[in-house]
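In: Quick one, what's the 3D model for this:
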Amino acid sequence: MELTPEVNDLYRRLITEVNKFGEITVEEKKTSFHIKGGAAFAGVHPRKQYFILNIVSAAPIKSARVVEQEQVSAHRFHNRVKIEKAEDINKELLGWLKEAYTLTA
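Out: Residues are numbered from 1 along each chain as shown. Take a look at the predicted model:
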């Protein structure tokens, strides 16, 4: 999948940080990337200037940063966060991702 240089830089930064959680794999799909620990715990949906990060959780993430939420089963939610700049990949976001990684391990 072809990414703009700006989005590629953000994506690489995200993967570098998530790699610190433990063993992960990334599966490239037609329009997204699935980040997996035991199972997929996050998805990256690239756009031209940013990407949407889909984070799996056991309960909805309560934050103004979450632009959309979807309950996909009794105890699983998808929370979508817009990532536009390096500062968006911060301690708060990485905390949510770490919880998602642990949840699906």
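In: quick one, strands of the protein?
Out: Secondary structure of the chain (DSSP state E): strands located at 25-28, 33-36, 40-46, 51-57, 66-73, 76-83.
In: ok and the fifth one relative to strand 76-83, angle-wise?
Out: With axes from the mean of the first three to the mean of the last three C-alpha atoms, to 10 degrees defining the directions, strand 66-73 sits at 160 degrees from strand 76-83.
In: who does strand 66-73 pair up with?
Out: Strand pairing for strand 66-73, determined by DSSP bridges: strand 76-83 (antiparallel).
In: Please spell out which residues along the partner strand are buried.
Out: 77-81, 83 (16 or more other C-beta atoms under 10 Å). No exception for glycine: its C-beta is placed from N, CA and C like everyone else's.
In: try stretch 43-53
Out: Result for stretch 43-53 [16+ other C-beta under 10 Å]: buried residues 43-44, 46, 50-53.
In: Repeat that for stretch 55-68.
Out: For stretch 55-68, the neighbour count (16+ other C-beta under 10 Å) marks 55-57, 61, 65-66 as buried.
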